[in-house]
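Peer 1: This is the structure alone, sequence omitted:
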């Protein structure tokens, strides 16, 4: 079916008249889920580090258990010893790398979770906010009616977010502009402190290298984030302070978005979200990834 200007009826909207000074839950739930999931991920990261450290003791533990159990078949006992030794070796390798695999996966995940939270929120905004479908960018979308009408209400809203994203080229933008360009469509954008902008920009650039370059610094990362003091070809080893710093930056950024939403609804909770303290953050060291040169990697 051919393309057409978006002239179909708006997705069903829910009234907010009964909560004039209270932000509706649908406007907050995706960001609350983001806070919960990323906080749980940090807890899991911490627990995993402790668990991996304990795995280095597994061979001794297995040996003690087998020494007091003569009922175990010798071949089975040997198999258990080998398995324990292998797990301890893997654990020791991860420890010596500064838990690079765990930390890298954490950063990749938090960027994906931030993207999902903003996009899911915008889909909810299209569904429920009375003026969402009146935005110029939305009204100007060209949609395939067959694709649109054959979807559920939730899927229609997600489909429109996809079209807006594609129309703006937001997926090709960097740092918070990736999200602010989408939020601006609905007059939900706003100022973001330079420090948070830099941290989220760094998160995106490091994530791209981890996903697309197997963690090896390329020229784009080196030139985009000179404060990391990397050279082309360096192995980007992510450490604990960096994971916490960049995750915290996403939390602060989302708090700014939530504050904007509260203000739209006249919710007094907007005043309960303090601006991040530059002094408190300035006193904390900005940790760069450990560098591992190409020569050292080949040894």
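Peer 2: That came through fine. Quick caveat: nothing in here was measured; it's all calculated off a predicted structure.
Peer 1: make it CA atoms for all contacts and neighbour counts henceforth
Peer 2: Noted.
Peer 1: Make sure residue 175 is indeed in a strand.
Peer 2: No - under DSSP: H, G, I helix; E, B strand; the rest coil, residue 175 falls outside any strand and is assigned coil.
Peer 1: Tell me how many other residues crowd it.
Peer 2: 18 (other C-alpha atoms under 10 Å).
Peer 1: residues in contact with it?
Peer 2: 197, 198, 200, 201, 202, 203, 204 (C-alpha atoms under 8 Å, 6 or more residues apart in numbering).
Peer 1: Looking at it now. What's its pLDDT?
Peer 2: For residue 175, the pLDDT comes out at 95.
Peer 1: One more: residue 138?
Peer 2: Looking at residue 138, the pLDDT reads 90.
Peer 1: what sits against it?
Peer 2: 6, 132, 160, 164, 185.
Peer 1: How far away from the center of its chain is whichever strand or helix holds it?
Peer 2: Using DSSP states H and E, residue 138 falls within helix 136-139. Centroid displacement of helix 136-139 relative to its chain, using C-alpha atoms, centre = their mean, to the nearest Å, is 28 Å.
Peer 1: do the same with stretch 30-41
Peer 2: 10 Å.
Peer 1: just stretch 256-272 next, same as before
Peer 2: The answer for stretch 256-272 is 23 Å, by C-alpha atoms, centre = their mean.
Peer 1: Pull out the buried residues from that stretch.
Peer 2: 256, 257, 258, 259, 260, 261, 262, 263, 265, 267, 270 (16 or more other C-alpha atoms under 10 Å).
Peer 1: which residues does the second one contact?
Peer 2: Counting by C-alpha under 8 Å, 6+ apart, residue 257 makes contact with 188, 189.
Peer 1: Inside strands: which ones of the contacts of residue 138?
Peer 2: Judged by DSSP state E, strands contain none of those.
Peer 1: want to try CSV for those, with pLDDT, distance to residue 139 and neighbour count as columns?
Peer 2: CSV is the format used below for the contacts of residue 138 (pLDDT from 0 to 100; distance: C-alpha to C-alpha, whole Å; neighbours: other C-alpha atoms under 10 Å):
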residue, pLDDT, distance to residue 139, neighbour count
6, 34, 6, 18
132, 93, 10, 22
160, 94, 11, 21
164, 95, 11, 20
185, 96, 11, 17
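Peer 1: For residue 29, state which of those is nearest.
Peer 2: Nearest to residue 29 out of the contacts of residue 138 is residue 132 (C-alpha to C-alpha; 18.0 Å).
Peer 1: which residue packs closest to the closest one, ignoring adjacent ones?
Peer 2: residue 126 (5.1 Å; C-alpha to C-alpha, 6 or more residues apart in numbering).
Peer 1: correct me, but the one you found touches residue 133?
Peer 2: Yes - here residue 126 lies in contact with residue 133, judged by C-alpha atoms under 8 Å, at a distance of 6.4 Å.
Peer 1: Which one of those two is surrounded by more residues?
Peer 2: residue 126 (27 against 20).
Peer 1: Out of the contacts of residue 138, the closest to residue 219 would be?
Peer 2: Nearest to residue 219 among the contacts of residue 138, with distances taken as C-alpha to C-alpha, is residue 164, at 30.5 Å.
Peer 1: That closest one: what's it in contact with?
Peer 2: 137, 138, 141, 182.
Peer 1: same thing but at 10 Å, please
Peer 2: Residues near residue 164 by C-alpha atoms under 10 Å, 6 or more residues apart in numbering: 137, 138, 140, 141, 142, 158, 170, 181, 182, 185.
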